[in-house]
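Participant: take a look and give me a structure for this.
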Amino acid sequence: MPVSHPVETLSRLENGRLPTLLVENLTYHYPDGHQALHGVGLQIGAGEKVALVGPNGAGKSTLMLNLNGIFQGNGRVEIAGLPLGKKNLPLIRSKVGLVFQNPDDQLFSPTVFDDVAFGPLHMGLPEADVRARVDKALAAVGMGEYKERMPYHMSTGQKKRIAIATVLSMEPDILILDEPTAGLDPRSRRALINLLRELPLTQLVSTHDLHMAAELFPRMIIMDEGRIVADGVTADLLQDDALLAAHGLEKP
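Facilitator: I've put the predicted structure just below:
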């Protein structure tokens, strides 16, 4: 089965640089005892854009929630060389820009400005720096003119852009998105794909949208039953009919 990017015990890529994300032997049990992750290991280098795919229940969302400490399993997680742990949790959460599938889970303030400013304010930044970060983040997602608008009056596509801006304002090392195109009409989906293409950040994106994966992500990781079953070049994995069928996926 195609596999690449083996985890190295020295936590370094072949070029000697620390990976932006390192996961080693990560396991996670839910409170009811169900084991959702079984020894997951992966690493992602700076600037990589990686699709995370698999059937429902494969463990994709559980993995993502372990990467910024919302869930805390057993194993090793590092962000840019910084180990995930209680002492480092606030800093880790500023480095991991996690965007939920439903933007209403992320937007809770009276205005767009307040939502995007929330993270930088809680980092203790001066007001001038907060305003500069908000302006920069909204400009990056093409929503600068919406700063004083109320998020709950916006379309789903607009809300998803604002949700991305809320994490960009933290200036993260890695952007992690859960099903970003879910619920979008074709025009909004295309706009979001173009946005992700233009963002220079390291990205790990969970998706059932294999057309987007083929277009946007050079590397793809397939999960099933809490394990990584394949990790390699997206175009190659999408040509493996037996692999896709075995894990509930259809060629785009």
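Participant: contact partners of the helix or strand that contains residue 42?
Facilitator: Following DSSP states H and E, one finds residue 42 within strand 35-44. Under the criterion Cβ atoms under 8 Å, 6 or more residues apart in numbering, residues 5, 7-8, 11, 13, 19-30, 50, 59, 62-63, 66, 73, 75, 174, 202, 204, 221, 223, 225-228, 231 lie in contact with strand 35-44. No exception for glycine: its C-beta is placed from N, CA and C like everyone else's.
Participant: would you map the helices across the stretch 101-250 of the chain?
Facilitator: Applying DSSP state H, counting those that start in this stretch to the stretch 101-250 of the chain gives helices spanning 112-122, 127-140, 156-168, 186-198, 210-216, 234-237, 241-246.
Participant: for residue 84, which of those is the nearest?
Facilitator: Residue 84 lies closest to helix 156-168 among the helices of the stretch 101-250 of the chain, at 17.1 Å (Cβ to Cβ).
Participant: and that closest one with helix 112-122, angle?
Facilitator: With axes from the mean of the first three to the mean of the last three Cα atoms, to 10 degrees defining the directions, helix 156-168 sits at 20 degrees from helix 112-122.
Participant: distance between the ends of stretch 94-110?
Facilitator: Distance between the boundary residues of stretch 94-110 (Cα to Cα, to the nearest Å) amounts to 22 Å.
Participant: so how far is it off the chain centroid?
Facilitator: Offset of stretch 94-110 from its chain centre (Cα atoms, centre = their mean, to the nearest Å): 11 Å.
Participant: buried residues, that stretch. List them.
Facilitator: Neighbour counts using 16 or more other Cβ atoms under 10 Å place 94, 95, 96, 97, 98, 99, 100, 101, 103, 106, 107 of stretch 94-110 among the buried residues.
Participant: now do stretch 64-75
Facilitator: By 16+ other Cβ under 10 Å, the buried positions in stretch 64-75 come out as 64, 65, 66, 67, 68, 69, 71, 73, 75.
Participant: with only the CA atoms kept, save the strand holding residue 42 in CSV.
Facilitator: In CSV, the C-alpha atoms belonging to strand 35-44 read as follows (Å, rounded to 0.1, in the frame of the first residue of the first chain):
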residue,chain,number,x,y,z
GLN,A,35,-10.7,3.8,20.7
ALA,A,36,-10.9,6.4,17.9
LEU,A,37,-7.2,6.6,17.0
HIS,A,38,-4.7,3.7,16.8
GLY,A,39,-1.0,4.7,16.8
VAL,A,40,-1.4,7.5,14.2
GLY,A,41,1.9,8.9,12.9
LEU,A,42,2.6,11.6,10.3
GLN,A,43,4.6,14.7,9.7
ILE,A,44,4.0,17.7,7.5
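Participant: buried stuff in it?
Facilitator: Of the residues in strand 35-44, 36, 37, 40, 41, 42, 43, 44 count as buried by neighbour count, 16+ other Cβ under 10 Å.
Participant: now the residues you listed as TSV including pLDDT and distance to residue 245?
Facilitator: Shown next, in TSV, are the buried residues of strand 35-44 (pLDDT from 0 to 100; distance: Cβ to Cβ, whole Å):
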residue	pLDDT	distance to residue 245
36	97	23
37	98	24
40	98	23
41	97	25
42	97	23
43	96	28
44	97	27
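Participant: nearest residue to residue 222 in space, please, no chain neighbours.
Facilitator: Nearest residue to residue 222, sequence neighbours excluded (Cβ to Cβ, 6 or more residues apart in numbering): residue 230, at 4.3 Å.
Participant: how many neighbours does that neighbour have?
Facilitator: 22 (other Cβ atoms under 10 Å).
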